[in-house]
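> Return atomic coordinates for the entry below.
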Amino acid sequence: MIHKKNIQPLLFSVLLALFLDQITKLYAVNFLKPLDPPAQLIGSFVRLKLTFNPYGVFGISFGPSELNYVFSLIGILVLVYVGLTLKDRTGLIVFGLLIGGAIGNVLDRVRFGYVIDFIDMGIGNLRWFTYNLADAFLTVGAVFFLTREILFRKKT
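Numbering: from 1, shown residues only. This is a model prediction of the structure:
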């Protein structure tokens, strides 16, 4: 059942995540160049390097680019519905971050045909996929809910 009291905190966290994602991508595009060496933020552990991802998650292609739109839009609709049925405020806020992150990457795909990525993490040559705040919100949100489900699920 959808709870009307959920709309405001969910919408707030969606808009906050979307704003932070888009403003950091704007910064990345205006101050970083794709061919420049990475700018060190926290030594070589966290660096800023502008890249453009025309594919899906982690740069993996799932077929025609239209599938990225379809999967993303279905995912957003499911997240909104589930988010509106949650009962706890923390869950609502985290779900809002998930939704805001998903919308941020879809906006990039619609506007540019690719997603703007710029956060490069790793140790030496062992680097994670370059990502953005939207990806971070999606990952942290997914880990939060999986952990909560596994560790704190009520036995019925």
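
> Strands along this structure, start to end?
Applying DSSP state E to the chain gives strands spanning 39-42, 46-53, 115-123, 126-127.

> now for these, which one comes closest to Ala17?
strand 115-123 (14.9 Å; C-beta to C-beta). (C-beta placed from N, C-alpha, C; glycine too.)

> Next, the buried residues of stretch 102-112.
Residues of stretch 102-112 classed as buried by neighbour count (16 or more other C-beta atoms under 10 Å): Ala102, Ile103, Gly104, Asn105, Val106, Leu107, Asp108, Arg109.

> Among those, find me the one that's closest to Thr147.
Ala102 (19.7 Å).

> how much space between that closest one and Ala142?
Distance, Ala102 to Ala142, using C-beta to C-beta, to the nearest Å: 11 Å.

> what's the weakest-modelled helix or strand in the protein?
Least confident helix or strand, the chain: helix 65-85 with a mean of 84, by mean pLDDT, DSSP states H and E.

> what packs against that one?
helix 7-31, helix 89-112 (3 or more C-beta pairs under 8 Å, 6 or more residues apart in numbering; DSSP states H and E).

> most tightly surrounded among those?
Greatest average neighbour count among these goes to helix 89-112 (a mean of 21), per mean count of other C-beta atoms under 10 Å.

> ok, back up a step: least reliable of the helices and strands packed on helix 65-85 by average pLDDT, please.
The weakest mean pLDDT among these belongs to helix 89-112, with a mean of 92.

> relative to strand 115-123, how tilted is that helix?
Put simply, helix 89-112 runs at 120 degrees to strand 115-123, going by axes from the mean of the first three to the mean of the last three C-alpha atoms, to 10 degrees.

> same for helix 89-112, what does it pack against?
Looks like helix 89-112 contacts helix 7-31, helix 65-85, strand 115-123, helix 133-152 (3+ C-beta pairs under 8 Å, 6+ apart).
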